[in-house]
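Student: mind looking at a prediction? Sequence and model below.
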There are 6 protein chains.
Amino acid sequence: MTRLHQRPADQLRPIRIQRGVTRHAEGSVLCAFGDTQVLCTASVLDKVPPHQKGKGEGWVTAEYGMLPRSTHTRSDREAARGKQSGRTQEIQRLIGRSLRAVVDLTALGERTIHIDCDVLQADGGTRTASITGAWVALADAVRGLKERGLIAGEPLRAQVAAVSVGVFQGEPLLDLDYPEDSGCDCDLNVVMTSAGGFVEVQGTAEGAPFSRAELDRLLQLASDGIARLHAEQRQALEQPAQRLLDLGAGA
Amino acid sequence: MTRLHQRPADQLRPIRIQRGVTRHAEGSVLCAFGDTQVLCTASVLDKVPPHQKGKGEGWVTAEYGMLPRSTHTRSDREAARGKQSGRTQEIQRLIGRSLRAVVDLTALGERTIHIDCDVLQADGGTRTASITGAWVALADAVRGLKERGLIAGEPLRAQVAAVSVGVFQGEPLLDLDYPEDSGCDCDLNVVMTSAGGFVEVQGTAEGAPFSRAELDRLLQLASDGIARLHAEQRQALEQPAQRLLDLGAGA
Amino acid sequence: MTRLHQRPADQLRPIRIQRGVTRHAEGSVLCAFGDTQVLCTASVLDKVPPHQKGKGEGWVTAEYGMLPRSTHTRSDREAARGKQSGRTQEIQRLIGRSLRAVVDLTALGERTIHIDCDVLQADGGTRTASITGAWVALADAVRGLKERGLIAGEPLRAQVAAVSVGVFQGEPLLDLDYPEDSGCDCDLNVVMTSAGGFVEVQGTAEGAPFSRAELDRLLQLASDGIARLHAEQRQALEQPAQRLLDLGAGA
Amino acid sequence: MTRLHQRPADQLRPIRIQRGVTRHAEGSVLCAFGDTQVLCTASVLDKVPPHQKGKGEGWVTAEYGMLPRSTHTRSDREAARGKQSGRTQEIQRLIGRSLRAVVDLTALGERTIHIDCDVLQADGGTRTASITGAWVALADAVRGLKERGLIAGEPLRAQVAAVSVGVFQGEPLLDLDYPEDSGCDCDLNVVMTSAGGFVEVQGTAEGAPFSRAELDRLLQLASDGIARLHAEQRQALEQPAQRLLDLGAGA
Amino acid sequence: MTRLHQRPADQLRPIRIQRGVTRHAEGSVLCAFGDTQVLCTASVLDKVPPHQKGKGEGWVTAEYGMLPRSTHTRSDREAARGKQSGRTQEIQRLIGRSLRAVVDLTALGERTIHIDCDVLQADGGTRTASITGAWVALADAVRGLKERGLIAGEPLRAQVAAVSVGVFQGEPLLDLDYPEDSGCDCDLNVVMTSAGGFVEVQGTAEGAPFSRAELDRLLQLASDGIARLHAEQRQALEQPAQRLLDLGAGA
Amino acid sequence: MTRLHQRPADQLRPIRIQRGVTRHAEGSVLCAFGDTQVLCTASVLDKVPPHQKGKGEGWVTAEYGMLPRSTHTRSDREAARGKQSGRTQEIQRLIGRSLRAVVDLTALGERTIHIDCDVLQADGGTRTASITGAWVALADAVRGLKERGLIAGEPLRAQVAAVSVGVFQGEPLLDLDYPEDSGCDCDLNVVMTSAGGFVEVQGTAEGAPFSRAELDRLLQLASDGIARLHAEQRQALEQPAQRLLDLGAGA
């Protein structure tokens, strides 16, 4: 079998993590895994949700959405339908948990960093691109808080990034695009920290159940891919910010 | 550390899978993993959802709910709040996928088996008890269809059951009760078929990220536990049905 | 005409009021009127709703639900549909009013007793079984508050119980089961205290309107039946608690 | 005790049933029981709800609402809150059942008469004024169908009207206004046909439970009052239609 | 072309602004533009919405609704559908803005005047009749506050009224009724103060786009018509209050 | 007074209309009016809404949304809140009406073109940028239908574009940015076709009402500005498509 553009089984799609893409957010990142492109923003709010009040610590949460025509055929707008789908809720809960796994909430102080991941274009792996981009937006927001002297310690204990892996026609593949994702027998989303630990492992047999041996190979593939995503994140943080479209009109 | 009732780390809680507990459903099972008790019913409907229409095959789906006072402190009733929580939707999607992984939808014909899992009492592991009990309710509904001559082939390709495992104070434990689940560092829900394959693996680091070695030990523990649950399921199917409460008044 | 199991027209179905059936609630009762089986729990909350704040008294409220497959054919899950039906709201308002009619809210202190009635199996008369069981759950919750020294006086002024009566093929019948309820000309739900007063009388002509003479006979039938239900309630309070399913695993 | 305007205990408030008050509806009635004023319209629709399809008969249903400032203090607008209250649903179900009790659905043909009762001004007894006015609007709609030759038989088997009665400071009173309704010990809504039968009896003890003797006296009081309402209905049907406000501009 | 009742192109329909039509509201007006009849009430609330808190000033807001059968064919009840349509929200936002344009919120003190406009009968121009009547209800509520000595200054800086104009079969018409509104090429709603300024101009081409010359003629027509509506408002404020239906029963 | 970047009062902000920015939609445009940047997509659907069925013509509709952090401070996500705000509905209705004013629905055939306008970054004038960009996306979708031979005639009768104008500190300004929009006395949104006709004129006095003379000057300013936007639209349609981010990975 041949992947699009002759991509080897253990290779990521072209990755782009562009920072500072919009004007208002404390952190804003366009994260692309090939044709999957997600706008991730981090907003700093000077309040915490009720369950965190009076604890002397902060909170990190996330929301996720797909633009109606980010997909092959138009999907209903969730705001118009009046509710978020189960899939949407599942993904935004995953993004929030993944980020909190590397944040020291006490060092954040009594504030919330609210992450929004909006998929502009979808081609498989929107949740993994969201997590990977969201961490960079979060890092920018934290950097801002430190520069303004609002926090003293370091709330980020590590990086976190994510990738999907799956068995497609018997072969384990890294970073599935949409046709691969739709056609694969099993699909594993893996979230890991830069310290090498697993934060989330979510594997689902779409077709035939998978064996322990397949699971082992997929975990190794994911682990190697995520290490490269961590390198992309570090590199992005060293690049200058770049607006999505700069017409010389902004403040 | 000592588990409740001196339970060894690799031992399940007392399991009870009682069939025929209510009067109307085509399959009805009270599935208890210790103090976690879930009523699972299977309803046969002579229609399929829109996405399955005209394909000549059936469907299996699931809904999940917790009675408001199944928990330590009362939770809001989702019907009164007007929506199901993200957690509820996540769990019912998981139950549905797990069951469909072992069903030949073509052999079912154009009908839906609708599973309802309602938690009467919760003490950790409600989703794993739901899956384990739901399969038995499904098997009873299928048996009924076969006895009435409505289907010829065998829609059930295998059994499916689930268990949770986690690392608590450094030690891997099988089948976590609520205090263990709340206090553990990482928590893995595993769904497997009686043919030995994985259907779902969902691991989350609640505290520190988990290593590959920990993951390997947890998978082994789960695998052994699920084999015992498959045995409990088979044994239940050989027992006579028993109503939750039989006053000699029923039809 | 012959009733199921040769039941005489003025006889209740077999009644069972089993206390202490679940582990967490301050009061928990499985109340069966024949094949109608309702799980009633009472939860003590240390707050009152807004309209009771600052009055120095408590509140008693109720919610009601039917498990989707408690009925002959599966009903939609109200949590999934996103709202409670008019019927559900009507019934839960009735249960709440009936209980408050026998409670001295001042003696309760500033706390709420929240009753949940969930129908596990339905065969007619779910609202009357709910009220009858709910009072026992309430009594257990009140007993707990007194034993813990949290309240001094007696909040319960009387018992309250309920039964349905109706004219079926010209004959007045006590405690209608589902086929009788569906086929009767008129249907009366009666709620009375152990002091002999009426709390609610709700009569509806399903077919032909009913005469004053029929109404009088039905009220007498109901009154006699409820006296027997009050006796069942008192007897239940003297029996030991019994779990729905006790595996020797609970705390 | 003295009622407003020295009204005797067994006397109705001034009643006005004005027909033809709006321009578009097939039947439109302003029904006033003193200061309680309800606009009742009947709309004829050439379709039946799903549960009536293919039966060769029609349907009658009702909806109810209170204008936000029909009451002493402004209530939330239900359309803005996004749902109808339990009280609203209870009342509209009652209106619908009461009307259907006197309608031969077969004679109606496969059409729906949809009743809307909107309270313009409230002073107690809005549900009883709604039922009483709705029947007249229904009669006008039926008359129109007959005049247009669309139905042959007589769908109306009788008149239906309703009144409230209650025990206030020990004395049974007919047709309670708002202060009487708020202060009474028990409150009974009675719906009867012109043939003398009961369609609905809904009694609630607001304070102390009521005795059988009190119930008997209240039923007699209601029965006499409703006979007078039936006379008012007949008289209204003989009066010419009269617009709410006629500026000589209408078609 | 001939308008109904030979109305000239630049003439309003018969206008009636009747004050004091219901009993409870601080201001209540039935405003009729021919067969369009809207009940407008003003309710004084001793609180302000969150966005106005602590500013030492008040608020004016509006809600709008159509009774289901105010229209030619019955429309769904918004409370039953569970949400207000986009059209409803658009209109109630317009009414609120129009009124606030002539109110000195500081002179009002920390209270809200909540306007409700409910259309009893619709024949085109419901939003303009709503604004015109709402201002009179507002004026009555303000008068009451002044008479009770609750406010010292004058919160009303001017009158505000509204009218629709449109080009129908090539001819500019004032105050469109429903058939004219449905058939016109363009439709302009204009809101003006008694000081001669524009508050809102909302023009929509239903068919062919309109030219600048047409717009100019329509604005002049509207301006003249609104001056007459301001005169009607002043005259209404000098007339005695008159109930919708007075049976001599009220307090 | 000085506008940002010394912009003259009658000058538009820098305009960019970039086509083909995403992969799946039949038309996709990033439309920037300075820092206001809206992603407009056009989706072709082979069905029409119920009110257009069987008429032999098509439909054009629009939905609008703002990403939560497109604004200075984060707004709630409408999908999470469960409903679209009144403002959102007002804007999407405006976009739809504006586009339909220049479309021959018959020439479109029985299909819907569904426009989605999602604001990525907001700095005033999001509705006018949406309309202006949406027309180009629509034109691309129509071009595709013609190229595929699916439609024969020309559904687009003209171009349509929009701009805001307002009086700020006494001076009429074209194309308001957010600070100007927030601070202006009155604000006019104007939609015009390339044939010179008005499609929508929506003026609102935020502070003092505006005079006829001011309105005349604003309409002239808008008219001149829109002519330039029509030129920008034509120029965009001659430029090659350009992805938002092209990594050489797409199909």
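Tutor: Great, that's in hand.
Student: show me the contact partners of stretch A:87-98.
Tutor: Applying Cβ atoms under 8 Å, 6 or more residues apart in numbering or on different chains, the contact partners of stretch A:87-98 are A:60-66, A:78, A:84, A:115, A:117, A:126-127, A:130-131, A:134, A:160, A:162, A:189, A:191, A:199-200, A:202, B:86-87, B:89-90, B:93, B:204, F:79. Backbone N, C-alpha and C define where each C-beta goes, glycine included.
Student: ok, and the closest non-adjacent residue to residue A:229?
Tutor: Distances taken as Cβ to Cβ, 6 or more residues apart in numbering or on different chains place residue A:161 nearest to residue A:229, at 3.9 Å, with adjacent residues excluded.
Student: which ones are touching the one you found?
Tutor: Residue A:161 touches A:128, A:131, A:132, A:135, A:191, A:192, A:194, A:226, A:229, A:230, A:233, counting by Cβ under 8 Å, 6+ apart.
Student: go on, residue A:78?
Tutor: Counted by Cβ under 8 Å, 6+ apart, residue A:78 has contacts A:65, A:84, A:85, A:88, F:79.
Student: list just the nearest of those to residue A:221.
Tutor: Nearest to residue A:221 among the contacts of residue A:78, counting by Cβ to Cβ, is residue A:88 at 27.2 Å.
Student: buried residues, the helix or strand hosting the closest one. List them.
Tutor: Residue A:88 belongs to helix A:86-100 when assigned by DSSP states H and E. By neighbour count with 16 or more other Cβ atoms under 10 Å in any protein chain shown, helix A:86-100 contains the buried residues A:86, A:88-100.
Student: likewise for stretch A:130-149?
Tutor: Buried residues in stretch A:130-149 (16+ other Cβ under 10 Å): A:130-142, A:145.
Student: same check, this time on stretch A:51-67
Tutor: Neighbour-count burial for stretch A:51-67 flags A:52, A:57, A:58, A:59, A:60, A:61, A:62, A:63, A:64, A:65, A:66, A:67 (criterion: 16+ other Cβ under 10 Å).
Student: and that stretch, how far from the chain's centre?
Tutor: Distance, stretch centre to chain centre, for stretch A:51-67: 16 Å (Cα atoms, centre = their mean, to the nearest Å).
Student: does that stretch reach chain F?
Tutor: Yes - remark: stretch A:51-67 sits within contact range of chain F at A:63, A:65, A:67, by Cβ under 8 Å from any Cβ of the partner chain.
Student: could you give the angle of the helix or strand hosting the first one to helix A:86-100?
Tutor: The reference is to residue A:63. Secondary structure assignment for residue A:63, by DSSP H and E: strand A:59-66. Orientation check (axes from the mean of the first three to the mean of the last three Cα atoms, to 10 degrees): strand A:59-66 against helix A:86-100 gives 140 degrees.
Student: using PDB, list the CA coordinates for the helix or strand just after strand A:59-66.
Tutor: Scanning forward in sequence from strand A:59-66 by DSSP H and E, the next helix or strand is helix A:78-81. In PDB, the C-alpha atoms belonging to helix A:78-81 read as follows (Å, rounded to 0.1, in the frame of the first residue of the first chain):
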ATOM      1  CA  GLU A  78     -23.600  23.000  16.700                       C
ATOM      2  CA  ALA A  79     -24.600  26.500  17.800                       C
ATOM      3  CA  ALA A  80     -27.600  26.300  15.500                       C
ATOM      4  CA  ARG A  81     -28.500  22.700  16.500                       C
END
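Student: for chain E, what are the nearby residues on the stretch 51-200 of chain A?
Tutor: Selection of the stretch 51-200 of chain A residues close to chain E by Cβ under 8 Å from any Cβ yields residue A:82.
Student: point me to the residue of the stretch 51-200 of chain A nearest chain C.
Tutor: Closest to chain C within the stretch 51-200 of chain A is residue A:83: 7.7 Å, counting by Cβ to the nearest Cβ.
Student: OK, contacts around that residue?
Tutor: B:83, C:82, F:79, F:82.
Student: go ahead and confirm the second one touches residue B:82.
Tutor: Yes - here residue C:82 lies in contact with residue B:82, judged by Cβ atoms under 8 Å, at a distance of 5.2 Å.
Student: helix/strand/coil for the residue of the stretch 51-200 of chain A closest to chain C?
Tutor: When classified by DSSP: H, G, I helix; E, B strand; the rest coil, residue A:83 comes out as coil.
Student: in chain A, which spans are strands?
Tutor: A:15-19, A:27-33, A:36-45, A:59-66, A:112-121, A:160-168, A:171-174, A:186-193, A:198-205 (DSSP state E).
Student: pick the one among the buried residues of helix A:86-100 closest to residue B:6.
Tutor: Among the buried residues of helix A:86-100, and counting by Cβ to Cβ, the member closest to residue B:6 is residue A:97, at 33.2 Å.
Student: any idea how far residue A:126 is from that closest one?
Tutor: 17 Å (Cβ to Cβ, to the nearest Å).
Student: what does residue A:204 give?
Tutor: Counting by Cβ to Cβ - residue A:204 and residue A:126 are separated by 16 Å.
Student: got it, and residue A:5?
Tutor: 20 Å.
Student: picking up where we left off before, got the buried residues of helix A:86-100 as JSON lines, with pLDDT and distance to residue B:15 columns?
Tutor: Below are the buried residues of helix A:86-100 laid out as JSON lines (pLDDT from 0 to 100; distance: Cβ to Cβ, whole Å):
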{"residue": "A:86", "pLDDT": "94", "distance to residue B:15": "29"}
{"residue": "A:88", "pLDDT": "97", "distance to residue B:15": "35"}
{"residue": "A:89", "pLDDT": "95", "distance to residue B:15": "31"}
{"residue": "A:90", "pLDDT": "95", "distance to residue B:15": "29"}
{"residue": "A:91", "pLDDT": "97", "distance to residue B:15": "33"}
{"residue": "A:92", "pLDDT": "97", "distance to residue B:15": "35"}
{"residue": "A:93", "pLDDT": "96", "distance to residue B:15": "30"}
{"residue": "A:94", "pLDDT": "97", "distance to residue B:15": "30"}
{"residue": "A:95", "pLDDT": "98", "distance to residue B:15": "35"}
{"residue": "A:96", "pLDDT": "97", "distance to residue B:15": "34"}
{"residue": "A:97", "pLDDT": "96", "distance to residue B:15": "30"}
{"residue": "A:98", "pLDDT": "97", "distance to residue B:15": "33"}
{"residue": "A:99", "pLDDT": "98", "distance to residue B:15": "37"}
{"residue": "A:100", "pLDDT": "96", "distance to residue B:15": "34"}
